[in-house]
Every structure is written in structure tokens, then in C-alpha cells.
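**Q** I would like to see how this sequence folds:
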Amino acid sequence: MDPELLSMVPRPVCAILLLFPVTEKYETFRTEEENKIKAEGQEVKPTVYFMKQTISNACGTIGLIHAIANNRDKITFEADSSLKKFLDDSVHMNPEERAKFLETYEAIRVTHESSAHEGQTESSSSLLPSPSSPQLQYFSHCKMKASSLRRSASLTLVRCDNVAPVKATSPPVCLQRWRPTIPLSAIGLHCVAPSIDEKVDLHFIALVNVGGILYELDGRKPFPINHGQSSDDTFLEDAIEVCKKFMERDPDELRFNAIALSTA
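**A** Below you'll find the predicted structure:
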């Protein structure tokens, strides 16, 4: 996450997916943060697409939906895209309604469940944006081995023509992929999905820029979190500062990783 390494990431960055451990310290902070926002209020633009998470071990799926839904102006979908249809049909729903809609949305729900059971599955390409401008690699839930991680956390870049870790010391991360397009083992990524019923203490959130505001979107929280002003030019650095705060709250934890969704 050094400035020199961040400068290697193509701009603009569409979103950041942060993986972090759910610890007692974090849960205490989450409760305090929620109570503070309820008491003081915050600005959330009506154009922010946000949904709750009600499906077990689906935080990666929810994170990608948040990332794509809030960057639709940058994405070209295939004509028969199930994901596009899901977003179109749910655009006027509230966060709870979107969560219920996902539970019953066969094209995405069944793919997620079968992937979780099988550990590694290739989904229908109709769930994904078109390979034309820009392509986003579509990941589901992620699991990491603490013994192999480094304290310095890494940023993994996901873009159209290449998937490469920005940092050479990027730790092995177990990632379930919905549609493999590049052998991730070549860059230290390993495909293993948790069972739907497995207790997982790692969680994905999305960081996005909507209307010049950096929002944290976490389906476990009751609302988006406003992290202040941002822009296409500064979003990556702004989002990394938010990621660093997660690390600072748990200085003894090693299990952090970030994925950048970027144009080619």
C-alpha cells in the first residue's frame, strides 16, 4: 500500500474490495459507529445502491454487487446478463427488499450455493459484465490462511487484460471464483470456497465513489458509511486510508487484503 506501488495501478479505480477479520474489537467499533451515526446523522446520496446481506457466507457476492451496481456507467453488460437484469429489477427497492430479492433470484443464488458446496465452480457468463470496457473479474467469498500472511497487507489489482498483485510479497489468498479467465494460482491465489454453513470470521466490504463521496458498503450494517469527499483521481488513495484504519483498529491481526477493480 505504499504510494510508489499505488502509482502502478491504472486509473480510474472503480472500487476497492476489502477483506478483513471480524474480531471483538471490530464488533465493538461497529456498534459504536452505528450508534454515533444514528445520533448525529450523515449524508447518503439517494443514488447509492446498497443492499443488506441475508445469505450466509455471501459477503464477497454482495461486495461485487455493490461494486458493479455503483459503477454501471463504466460497465458494458452482455445482452442476456442476469446480473444486469437483477440490478435493473432491484434499482428502486430498499436494501432489505434487495436482500430478499437476491435470496429468490435463481441465476445468482443457485450459482453462489453450488460454488460454496463444490468449492470451485464456473458460472454462466451471463452473470458478468461484457469483456468490453471495462471488464471486472467476478469473485465470490474469500478465505485466508493467517499463517501465510504478512502484516503489510497487499493490494491485488483486477483489470481487463491482466490480473497481477501490485506487491511482490502478496500473501496467498484462497479465492472462490465464479468465472475463471486467468489461472490465479500463477499469482499466488488459490480457489477454495467455504461451505454455506461454515463459520467464517473474515468479511468482504466494498468501497466506492458515488457523486464525489467515498462510501463503505457492508451488508451487515444498516446503512452505507460516508467516509468523506473523494474523486476519480484520488479515490484509490482515499480508499486505502480507510483500509488502514481497519488495520489500525486491530494491530495484532494479519488477515487483511484489498482488491482493486480498475479499468484496463
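
**Q** which intervals of the protein have sub-threshold pLDDT?
**A** Applying pLDDT under 70 to the chain flags residues 1, 109-200, 264.

**Q** which parts of it are helices?
**A** 3-6, 24-40, 59-69, 82-90, 95-103, 106-118, 235-249 (DSSP state H).

**Q** now, of those helices, which is deepest in the fold?
**A** Mean neighbour count (mean count of other C-beta atoms under 10 Å) peaks for helix 59-69 among these, with a mean of 26. The way it works is simple: take the backbone N, C-alpha and C, and place the C-beta from them, glycine included.

**Q** what packs against that helix?
**A** Contacting helix 59-69 under the criterion 3 or more C-beta pairs under 8 Å, 6 or more residues apart in numbering; DSSP states H and E are the following elements: strand 13-21, helix 82-90, strand 139-144, strand 202-210.

**Q** switch to 7 Å and redo it
**A** strand 13-21, strand 139-144, strand 202-210 (3 or more C-beta pairs under 7 Å, 6 or more residues apart in numbering; DSSP states H and E).

**Q** mean neighbour count and distance to residue 231 added to those, as CSV?
**A** Output for the helices and strands packed on helix 59-69, formatted as CSV (neighbours: other C-beta atoms under 10 Å; distance: least, C-beta to C-beta, whole Å):
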stretch, mean neighbour count, distance to residue 231
strand 13-21, 24, 11
strand 139-144, 24, 26
strand 202-210, 25, 7
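
**Q** which one of the ones you listed lies closest to residue 236?
**A** Nearest to residue 236, of all these, is strand 13-21, at 4.5 Å by C-beta to C-beta.

**Q** what's the closest one packed up against?
**A** So strand 13-21, by 3+ C-beta pairs under 7 Å, 6+ apart, packs with helix 59-69, strand 202-210, helix 235-249, strand 257-262.

**Q** and of these, who's closest to residue 29?
**A** With C-beta to C-beta as the criterion, residue 29 lies closest to helix 235-249 of those, at 5.8 Å.

**Q** and that closest one, what does it pack against?
**A** By 3+ C-beta pairs under 7 Å, 6+ apart, helix 235-249 packs against helix 3-6, strand 13-21, helix 24-40, strand 202-210, strand 213-217.

**Q** angle of the second one against strand 257-262?
**A** The one in question is strand 13-21. Here strand 13-21 points in a direction 170 degrees away from that of strand 257-262 (axes from the mean of the first three to the mean of the last three C-alpha atoms, to 10 degrees).

**Q** what do you get for the fourth one?
**A** Angle between the axes of strand 202-210 and strand 257-262 is 30 degrees (criterion: the same axes, to 10 degrees).

**Q** which residues sit against strand 202-210?
**A** Applying C-beta atoms under 7 Å, 6 or more residues apart in numbering, the external contacts of strand 202-210 come out as 15-22, 45, 47-48, 59-60, 63, 66-67, 70-71, 142-144, 214-218, 230, 232, 235, 239, 242, 255.

**Q** circling back to that earlier point, so which of the helices of the chain is nearest residue 52?
**A** Among the helices of the chain, helix 95-103 sits nearest to residue 52 (C-beta to C-beta), with 4.1 Å.

**Q** tell me which residues are up against the closest one.
**A** Applying C-beta under 7 Å, 6+ apart, the external contacts of helix 95-103 come out as 50-55, 90, 93, 108-109.

**Q** need those in a markdown table (columns: distance to residue 33).
**A** Shown next, in a markdown table, are the contacts of helix 95-103 (distance: C-beta to C-beta, whole Å):
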| residue | distance to residue 33 |
| --- | --- |
| 50 | 16 |
| 51 | 19 |
| 52 | 17 |
| 53 | 17 |
| 54 | 21 |
| 55 | 24 |
| 90 | 26 |
| 93 | 25 |
| 108 | 29 |
| 109 | 30 |
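
**Q** perfect, I'm done here.
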